[in-house]
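Q: Give me coordinates for this.
(one chain, ligands or ions: 2)
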Amino acid sequence: SRSIRLAVIPGDGIGREVVAQGLKVLTAVLPQDVKLETKEYDLGARRWHATGETLPDAELESLKQHDAILLGAIGDPSVPSGVLERGLLLKLRFAFDHYVNLRPSKLFPNTSTPLAGRPEIDFVVVREGTEGPYTGNGGSLRTGTPAEVATEVSLNTAYGVERVVRDAYERANARPRKKLTLVHKNNVLVYAGHMWKNIFDKVGQEYPEVTTDYLHVDAATIFFVTQPERFDVIVTDNLFGDILTDLAAAVTGGIGLAASGNINPTGAFPSMFEPVHGSAPDIAGTGKADPTATVLSVALLLRHLGYAPQAARVEEAVAADLQSRGDAPRSTDETGDALAARVAG
Ligand code: IPM
Ligand code: MN
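A: Ligands and ions are numbered 1, 2, ... in the order given. The predicted structure follows:
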């Protein structure tokens with residue numbers, strides 16, 4: 001019989017609350033004969049305060065023994081900025097070579113959006129996940145003095161760009177509209193920008209059915225708001241993708257609905273699924289967090305592991321739940337229960 005070995009990193013703030021609902025829905029939707037084995041990891045602010053550790057090597061090795069990772073949220077105001085982001089979240093993405101950071105955006109029914117009444121919005125951002133300005137390649141001279149100089153070098157390799165661009169073409173080719181947009185800033189970032197564009201054009205010759213388009217990132221932000229329906233699949237650099245996907249979430253129902261997958265398409269390492277939102281320390285423990293983004297991340301996880309019908313069931317349950325939501329506030333747990341009930345059976 002089949003089994004899923006799932007590593008769970010609840011993390012900080014609302015992470016634990018939303019992950020519990022994600023697991024509830026996952027358990028409810030999985031066929032009876034699939035054995036779900038979960039192992040929880042104590043990583044995040046608590047661990048760092050207690051031991052000074054962010055992600056010890058032994059933990060990294062142990063995480064590797066899983067089919068996938070479900071992560072809640074990382075980050076706490078009591079920890080200096082960058083410590084957990086770099087030492088835990090980015091370390092995982094880099095160590096497990098999550099070069100595809102997949103972030104779908106869909107305008108669900110009955111969601112509050114500045115774009116209500118728009119035609120269908122359904123696009124996916126393929127954000128590069130292992131390179132760009134995220135590699136920690138930089139430094140500071142004369143730090144803290146008026147003569148300080150700081151660099152933060154964006155690292156781009158032909159290998160790294162080609163593999164993510166190819167993945168984006170594959171995804172575009174598999175969708176009905178077959179459209180792929182490259183977003184960069186090659187009018188200013190002429191070295192990396194031209195490399196991206198050249199590789200994008202070269203790989204595109206292998207996908208004659210895919211319609212391509214190029215936008216500078218600043219122009220892309222305009223179209224995200226004025227004409228989001230023009231997008232199907234977008235491929236972009238790590239930092240541009242970070243910024244664009246927050247904007248995408250804001251215009252399609254809010255960050256409470258935005259899911260993501262940090263994917264290693266080769267299967268060499270476990271892929272990791274997490275809501276795009278952060279740990280929201282201001283509402284942690286109040287039961288106000290919306291677990292929907294985590295539940296949609298579970299759908300991405302299911303699809304990645306080959307459970308496409310179950311993934312679709314979860315997404316349909318979310319759409320139906322949003323459709324029927326009233327104005328009365330609902331707790332994290334109640335939303336999880338409602339979604340679990342919809343996918344069950
Ligand atoms: C995200 C987050 C992270 C990122 C931070 C917390 C390192 O903003 O997942 O989008 O920049 O990738
Ligand atoms: Mn972000």
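
Q: just the residues of the chain that are near ligand 1, which are they?
A: Glu85, Leu89, Leu90, Asp242, Val276 (CB under 6 Å from any ligand atom). All C-beta spots, glycine's among them, are computed from the backbone N, C-alpha and C.

Q: need the contact list for the third one.
A: Residues in contact with Leu90 (CB atoms under 8 Å, 6 or more residues apart in numbering) are Tyr134.

Q: tell me the pLDDT at it?
A: Confidence at Leu90, expressed as pLDDT, is 97.

Q: What mean pLDDT does stretch 102-111 get?
A: 87.

Q: can you pull out the helices in the stretch 201-345 of the chain?
A: 217-226, 238-251, 292-304, 308-324, 332-343 (DSSP state H, counting those that start in this stretch).

Q: one step back: out of the residues of the chain next to ligand 1, which two sit at the greatest distance?
A: Leu90 and Val276 (15.0 Å; CB to CB).

Q: Show me the domain layout of this structure.
A: 1-102+255-345, 113-252 (automatic domain parsing).

Q: Packed most tightly, which of these would that be?
A: Counting by mean count of other CB atoms under 10 Å, domain 1-102+255-345 has the highest mean neighbour count of the domains of the chain, with a mean of 19.

Q: between the residues of the chain next to ligand 1, which is nearest Gln65?
A: Leu89 (19.9 Å).

Q: Pull the contacting residues for that closest one.
A: Leu71, Ile74.

Q: Report the secondary structure state of it.
A: At Leu89 the chain is in helix, as set by DSSP: H, G, I helix; E, B strand; the rest coil.

Q: Now do it against Ala299, distance only.
A: 21 Å (CB to CB, to the nearest Å).

Q: Read off the pLDDT value for the residue of the chain found nearest ligand 1.
A: Of the residues in the chain, the one nearest ligand 1 is Glu85, at a distance of 3.9 Å by CB to the nearest ligand atom. Looking at Glu85, its pLDDT reads 95.

Q: end to end, how far does stretch 63-74 reach?
A: 17 Å (CA to CA, to the nearest Å).

Q: Do me a favour and average the pLDDT over that stretch.
A: In this model, stretch 63-74 has an average pLDDT of 98.

Q: for stretch 139-152, same thing?
A: Per-region confidence: stretch 139-152 scores 98 on mean pLDDT.

Q: any chance of the helices of the stretch 201-345 of the chain in a markdown table, with mean pLDDT too?
A: Putting the helices of the stretch 201-345 of the chain into a markdown table (pLDDT from 0 to 100) gives the following:
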| stretch | mean pLDDT |
| --- | --- |
| helix 217-226 | 96 |
| helix 238-251 | 95 |
| helix 292-304 | 98 |
| helix 308-324 | 95 |
| helix 332-343 | 98 |
